[in-house]
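**Student:** Kindly generate the corresponding structure for this input.
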Amino acid sequence: MKKLFMLVCTMLVSAVLSTGAVYAADTGTGQVHWSAAKAFTYTPLHPFTLNWSGDVLDRGGLSLTDLSLASAAKDADLVINRYGAMGAGGIVKLTGQKLEDAAERPRSGYVSSVTLEEDAVYLIKLRDGKLAKLRIDSISEAKAVFTFVVEQAAPASAPGGPEANSAGKQQPGADAKTETGAQAGTKTDAPVPALPPVQSPAPPPAAEGASGSRWSEQYEVPEPEQRELPLSIYLTLDSEQAAVLDKTNKRTEYPLLTAPFLHEGRTMVPLRFIGEALGAKVGWGAEDFSITLSKDPGITIRLWMNSTQAIVNGKAYELDSPPVMRGETAVIPLRFVSEHLNMHVYFDNGRITITDTENPLFEDSPSEVPKQQTVVRSEAADASFFHGKWNVWIPGGYAPTSSVTNGDGSRTFTHSYTPGAAGDWIEISRDGTYRWLDLGKTYEGAWTGDDKLIKLAGGPMESDWSMRRKSDTEVSIFAWGIEYKGTRAE
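**Tutor:** Residues are numbered from 1 along each chain as shown. I've put the predicted structure just below:
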């Protein structure tokens with residue numbers, strides 16, 4: 001009976017010790033030691049919002065190795081933009097730690113971007129796999145000042161020093177007897193019964209073609225269903241705060257330079273922010289003041305500043321509200337761009353949600369008038385308003401007059417203002433034809449439409465033009481970002 005009691009006690013002690021060893025192995029992978037601290041001023045800051053749905057370093061950033069700005073992701077360790085966000089291959093915000101304190105290497109909890117806070121300390125995963133610590137000393141729209149340390153090899157400890165037997169643990173290879181558990185500090189000549197080998201139950205044979213579960217020693221655990229999370233963007237009218245919830249369920253707050261606002265019944269939002277938040281590449285045409293948003297697979301949207309015309313994959317649309325400048329920020333109509341990038345837009349009393357997953361629980365409130373539709377006009381519709389002759393006025397504006405090619409291959413354009421001038425005329429006939437005198441050349445063709453807008457086929461520049469009713473006596477004629485004004489001839 002006594003031997004049986006000793007056997008049971010020994011087995012319990014061994015189980016506790018083995019559980020403790022497993023737990024210790026699972027809670028860390030060793031301390032990280034740091035180099036001497038360095039201070040650095042990051043300027044100029046990254047001018048764009050970060051790519052939440054992809055690689056946050058896709059436009060380069062800062063290399064901590066030589067403290068240089070890199071244009072390629074492979075050479076960058078981190079990036080800080082003018083909106084106060086930092087991106088890297090992995091970031092963990094640390095609490096209660098000084099910059100030089102040794103730290104446990106985290107095994108999880110990394111995010112790709114954070115909104116920076118002054119005096120906060122962040123752990124950064126570098127491109128070579130090492131870690132760095134950053135303390136944000138100050139940050140503004142122009143620069144970020146931080147102090148940092150980089151991971152280095154652990155300092156060598158002297159034999160018999162405090163690390164030689166830390167926490168009572170014998171170093172590997174030490175010539176000493178190891179005593180554990182209830183035997184520690186107590187000598188005994190009583191023989192310790194040998195423990196029988198632990199036999200783990202074998203998993204049951206899998207049925208042919210079976211999947212979707214894994215085996216534990218106690219019971220069968222169903223594998224969790226792998227579901228892709230939606231990308232969601234949250235805005236509020238007249239608020240400069242925005243948030244993005246990415247497909248890993250990580251929420252990031254972003255300040256906006258210009259708040260969303262209503263204009264002629266449409267919600268206008270900052271171009272660069274919404275374009276990149278939706279995963280599109282944003283391009284700017286200096287020659288014709290055009291905006292291009294492109295996104296895979298094969299979606300290209302082209303807009304023009306102050307023009308109601310839009311082209312999506314070669315198809316013409318008319319906007320109720322054109323892109324305009326708000327201060328120093330270009331703003332564009334939210335719903336038109338979002339829905340042509342295969343996103344869904346929902347309004348709720350000034351709160352706006354843009355998501356890539358349709359949600360039947362969301363319903364639009366009257367924050368915006370009904371959705372914009374493709375311009376489709378019927379030949380049978382009444383278009384008598386347009387019948388007759390119209391005098392054409394070409395409005396003044398800035399246009400490129402010269403350019404200089406820079407050393408990096410880019411071009412700098414010089415623009416000058418051209419005053420408006422009287423153009424020629426357009427005559428719309430009841431039989432569905434038109435005649436247009438433009439710059440001394442007469443164009444003839446067919447038109448279709450209704451009492452609000454008609455299409456003129458085969459006009460100047462070998463293009464189809466739109467003629468839109470502006471008032472009882474005025475029309476606008478536009479194509480490819482060019483807009484003429486027309487008044488009814490007496």
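**Student:** C-alpha only now, for contacts and for neighbours.
**Tutor:** Fine.
**Student:** For the stretch 351-490 of the chain, which segments count as helices?
**Tutor:** Taking DSSP state H, counting those that start in this stretch as the criterion, the stretch 351-490 of the chain contains no helices.
**Student:** so where's the protein shaky on pLDDT?
**Tutor:** Low-confidence segments of the chain, defined by pLDDT under 70, span residues 1-30, 51-54, 155-228, 358-381, 395-403, 408-423, 479-482.
**Student:** Would you map out the domains in it?
**Tutor:** Here the domain parsing of the chain from automatic domain parsing is 32-152, 232-355, 384-404+411-488.
**Student:** Let me have those domains in CSV, adding mean neighbour count as columns.
**Tutor:** What follows is those, written out as CSV (neighbours: other Cα atoms under 10 Å):
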stretch, mean neighbour count
domain 32-152, 18
domain 232-355, 18
domain 384-404+411-488, 17
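**Student:** Just confirm residue 232 contacts residue 353, I think it does.
**Tutor:** Yes. A contact is recorded between residue 232 and residue 353 when judged using Cα atoms under 8 Å, the distance being 6.8 Å.
**Student:** Could you report the separation of residue 94 from residue 64?
**Tutor:** Here the criterion is Cα to Cα, to the nearest Å. By it, residue 94 lies 19 Å from residue 64.
**Student:** Helices of this structure, start to end?
**Tutor:** Ranges of helices within the chain are 2-26, 271-277, 334-340, based on DSSP state H.
**Student:** Contacts made by the last one with the rest, please.
**Tutor:** Taking contacts as Cα atoms under 8 Å, 6 or more residues apart in numbering, the residues outside helix 334-340 that touch it are 266-269, 274, 278, 299, 301, 312, 319, 344-345, 354, 371-372.
**Student:** Let me know the closest of these to residue 105.
**Tutor:** Within the contacts of helix 334-340, proximity to residue 105 (Cα to Cα) peaks at residue 278, which comes in at 33.8 Å.
**Student:** Contact partners for that closest one?
**Tutor:** With Cα under 8 Å, 6+ apart, residue 278 has these contacts: 338, 341.
**Student:** try 6 Å
**Tutor:** Contacts were defined as Cα atoms under 6 Å, 6 or more residues apart in numbering; by that measure residue 278 touches no other residue.
**Student:** swap in residue 446?
**Tutor:** Counting by Cα under 6 Å, 6+ apart, residue 446 makes contact with 432, 433, 457.
**Student:** again, only using 7 Å
**Tutor:** Applying Cα atoms under 7 Å, 6 or more residues apart in numbering, we find residue 446 in contact with 432, 433, 434, 456, 457.
**Student:** partners of the fourth one in the sheet?
**Tutor:** The one in question is residue 456. With DSSP bridges as the criterion, residue 456 is bridged to residue 447, residue 465.
**Student:** Please apply the same query to the second one.
**Tutor:** Note on residue 433: beta-bridge partners residue 446, judged by DSSP bridges.
**Student:** Look up how far residue 452 lies from it.
**Tutor:** Taking Cα to Cα as the criterion, residue 433 is separated from residue 452 by 17 Å.
**Student:** Check the gap between the closest residue in space to residue 438 that isn't next to it in sequence and residue 456 for me.
**Tutor:** By the measure of Cα to Cα, 6 or more residues apart in numbering, the closest residue to residue 438 outside its immediate chain neighbours is residue 424, 5.7 Å from it. Distance, residue 424 to residue 456, using Cα to Cα: 16 Å.
**Student:** one step back: take the contacts of helix 334-340 and keep only those in strands.
**Tutor:** 266, 267, 268, 269, 299, 301, 312, 344, 345, 354 (DSSP state E).
**Student:** Would you reformat these as JSON lines and include distance to residue 50?
**Tutor:** Putting the ones in strands among the contacts of helix 334-340 into JSON lines (distance: Cα to Cα, whole Å) gives the following:
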{"residue": "266", "distance to residue 50": "26"}
{"residue": "267", "distance to residue 50": "23"}
{"residue": "268", "distance to residue 50": "21"}
{"residue": "269", "distance to residue 50": "17"}
{"residue": "299", "distance to residue 50": "21"}
{"residue": "301", "distance to residue 50": "21"}
{"residue": "312", "distance to residue 50": "25"}
{"residue": "344", "distance to residue 50": "21"}
{"residue": "345", "distance to residue 50": "21"}
{"residue": "354", "distance to residue 50": "17"}
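**Student:** No more questions from me, cheers.
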